[in-house]
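S.K.: this is the structure alone, sequence omitted:
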């Protein structure tokens with residue numbers, strides 16, 4: 001954990017789903033992401049890549065004064081909040097669409113603000129990742145941009161294309177045959 005933990009006044013939990021935060025504007029946000037997971041189709045990008053993608057989206061959205069905090073997962077929900085507070089600070093406001101996380105933070109004394117999921121059928125994580133995976137071997141970058149920008153902010157799609165962050169998805173097969 002970083003010494004000392006930062007003072008937290010607004011904490012937004014996202015898992016690289018920037019479209020679900022379009023209504024949020026704040027002078028200060030802390031953005032959470034898991035940093036110690038092995039690369040997989042569930043977690044295809046590193047903490048640094050996720051940070052760059054979120055920063056690109058924040059910049060384009062005009063949201064400033066953001067501190068992005070990477071928190072290693074401990075796979076221990078009852079102790080998660082105490083662990084995470086070492087990174088993002090103690091009780092403040094927790095904003096999320098994730099019900100289990102909202103419950104954990106609420107029990108720990110945080111003010112919890114929940115938001116409903118928008119267009120869940122389109123923005124569901126596995127669906128977005130599978131679409132990106134299917135496009136990961138397509139050489140027509142404009143076609144890739146056109147399809148992915150329907151569910152991922154264009155600035156994030158642009159980062160993925162520019163930094164070759166899609167190609168690896170073809171080789172992260174988890175069941176079935178890898179693409180390509």
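M.R.: Cool, the structure landed. Everything quoted here is computed from the prediction, not taken from an experiment.

S.K.: which intervals of this structure have sub-threshold pLDDT?
M.R.: For the chain, the stretches with pLDDT under 70 are 1-37, 119-123, 173-180.

S.K.: distance from the chain centre to the longest helix anywhere in it, please.
M.R.: Taking DSSP state H as the criterion, the chain has its longest helix at helix 47-61. Distance of helix 47-61 from the chain centroid (C-alpha atoms, centre = their mean, to the nearest Å) equals 9 Å.

S.K.: tell me the helices and strands packed up against that helix.
M.R.: strand 29-34, strand 66-71, helix 154-162 (3 or more C-beta pairs under 8 Å, 6 or more residues apart in numbering; DSSP states H and E). Any C-beta I mention is one placed from the backbone N, CA and C, and that applies to glycine too.

S.K.: so which bits of that helix are buried?
M.R.: Judged by neighbour count (16 or more other C-beta atoms under 10 Å), helix 47-61 contains these buried residues: 47, 49, 50, 51, 52, 53, 54, 56, 57, 58.

S.K.: go on, stretch 76-90?
M.R.: Neighbour-count burial for stretch 76-90 [16+ other C-beta under 10 Å]: 80, 81, 84, 85, 87, 88, 89.
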